[in-house]
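>>> Give me coordinates for this.
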Amino acid sequence: MASIACTPPAPTPGDAAGLRERARGALLGLAVGDALGAPAENLRPSEIRARWGRITGYVSEQPYGTDDTEYAIFSGLLLARHGSALTPEHVEAAWHEWIADRAEGPFRGAGFSERGTLENLRRGLAAPISAQHRHAWSDGLAMRAAPFGVFAAGRPAEAARLVAIDGSVSHEGEGIYGGQAVAAGVAAAMTGAAVAVVIAAALAVIPDDSWTARSLRRAVSVAHRGERAVRSAVVIGGYPWTDLAPEAVALAFGAYAAADGDFREAVLTAVNMGRDADTTAAVAGALSGATQGLSAIPPHWSSAIGPARGRCLPSITGHHVLDVAELLVTAAEGGAGEAGAGAVGAAGTGPVEAGAAGAGTAGKREVIPADAGAGAAGKRELIPADTGAGAAGKRELIPADTAGTLTAVLPGSAAEGEQVAVESVVQPSPQPTELPPPAPPTTQPTESGGGWAGDRGSRGRSPLVEDGGAGQPDGRRSPLVGAGSAGQPDSEGRP
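Numbering: from 1, shown residues only. This next block holds a predicted model:
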């Protein structure tokens, strides 16, 4: 049965303040989740407990975002520039201009999917051929998908369309589906939709029989039983790379569902499940941040998030997620097009104009005031006010299927009268029969290559060496070799 949801409500006309509150919540939530999850990346829950007990906040003295935040900023700036007119050619040109043709940061573009894309682009391959590498199914698109949901608030199908265009340069198949699920979920959450509707909106834009959809349904169907059940339902035991899009996206939605949309509980649930914890917590943070808005993020968490450091993408240095949120909301309100290049140039370039031109005029208007807060640093950027294809007011309907309509996805998550026709969301699918994708060739980056896909943004190490901490190899056995054989659970019964 196809994944069908009742249509998320359109953003209330004139509720610009509410939309900005959710946009800021989504992108700051992403950055906070990324920073919270980074130390737990690639760890099992038992290792997390042994080191910190249950993580309830930042465990590093200087928390900061990884490539998840920087790539989300990158895609957000690109989207603010082109809006619904975004094309694969725009994305490919941006990868060249801002990443491939520049000096690399200390982590050389981050994970395997990014490395494979950059190598293909530098060899002269264009999209979609540039996405034909061994990690095209990674969660690298999902981690940067939230801005598309922010831009297309209330329009999940449009968010899914745009993120697929962005991903065409770097991902294929399940990698694209993971990004589409996240973008559509955030688009629904931006309207204040119930958790059940957000989940169903994510399922509605991806193939019902895809690995991502099956994993997502398994995760949310057991979410009421807690994080251990979610993890057991979707984690590919014995597989060393933790950046599988079907797994990471399902863990994130499972955490979001288990918390019933509560920001703090959603991100901490994702963090304490380990695996690709920075990405899963970033996605859970974006979903719950869009659902509850900026005010739901604890101030002592949000205050730690500053402008991007450019550790993975030097060209993004100095940009703040809150500024990107403002650009995206303004672009959605007034349209965005080629002339919006000022929105993505270096911070502070171009004249500062207190333009009063409204949407549909040829003038420009100010979108980041000089006192915009952290990250703005007194700088203002301009974006054209002419109306583009992505003008606010449009939304796609998710068709309603009356057969098998159910009234809830999770206990207590759907408000009375809301219906979600997603049969398998509440009826768990059988355990997966898919085999994990083949391991990357030995030419992929290892300790000398600046990181791997499951270790984006941390100090590089071989993916075959189990991690004893965030980015520090401890010389123990490979996770491919367990007490039994590959895929066997550990002594605590978890993969």
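>>> How about the backbone phi and psi for residue 199?
phi -60, psi -50 (degrees, to the nearest 10).
>>> And for it, the neighbour number?
Using other CB atoms under 10 Å, residue 199 is surrounded by 34 other residues. C-betas here are computed from N, CA, C, even on glycine.
>>> Distance check, it against residue 136.
25 Å (CB to CB, to the nearest Å).
>>> Check residue 298 too.
From residue 298 to residue 136 the distance is 36 Å (CB to CB).
>>> Give me the more crowded residue out of these two.
Each of residue 298 and residue 136 has its neighbours counted (other CB under 10 Å); residue 136 has more, 25 against 12.
>>> Just give the nearest non-adjacent residue to the more buried one, would you?
Distances taken as CB to CB, 6 or more residues apart in numbering put residue 172 closest to residue 136, at 4.1 Å, once the chain neighbours are dropped.
>>> ends of stretch 193-213, how far apart?
Start-to-end span of stretch 193-213 (CA to CA, to the nearest Å) is 20 Å.
>>> List the buried residues for that stretch?
Neighbour-count burial for stretch 193-213 flags 193-208, 210-213 (criterion: 16 or more other CB atoms under 10 Å).
>>> next helix or strand past whichever strand or helix holds residue 301?
Assessed by DSSP states H and E, residue 301 sits inside helix 299-302. Using DSSP H and E, the next helix or strand after helix 299-302 towards the C-terminus is helix 321-334.
>>> Show me which residues of the lengthiest helix in the chain are buried.
The helix spanning the most residues in the chain, taking DSSP state H as the definition, is helix 16-37. Neighbour counts using 16+ other CB under 10 Å place 19-37 of helix 16-37 among the buried residues.
>>> Are there helices or strands packed against that helix, and which ones?
helix 67-82, helix 146-151, helix 173-189, helix 263-272, helix 277-292, helix 299-302, helix 321-334 (3 or more CB pairs under 8 Å, 6 or more residues apart in numbering; DSSP states H and E).
>>> Which one of these lies nearest to residue 244?
Proximity to residue 244 (CB to CB) singles out helix 173-189 among those, at 7.9 Å.
>>> Let's see the distance spanning stretch 230-243 from one end to the other.
Stretch 230-243: ends 16 Å apart by CA to CA.
>>> Pretty sure residue 276 is one of the things residue 33 touches, is it not?
No. Residue 33 is not in contact with residue 276 according to CB atoms under 8 Å; the separation is 11.7 Å.
>>> that older thread, so which of the buried residues of stretch 193-213 are in strands?
Using DSSP state E, no member of these falls in strands.
>>> Helix, strand, or coil at residue 8?
Here residue 8 is recorded as coil under DSSP: H, G, I helix; E, B strand; the rest coil.
>>> Give the burial count for it, as a bare number.
The number of residues near residue 8, taken as other CB under 10 Å, comes to 28.
>>> From what I see, residue 201 and residue 186 are in contact.
No. Checked against CB under 8 Å, the pair residue 201 and residue 186 is beyond contact range at 9.4 Å.
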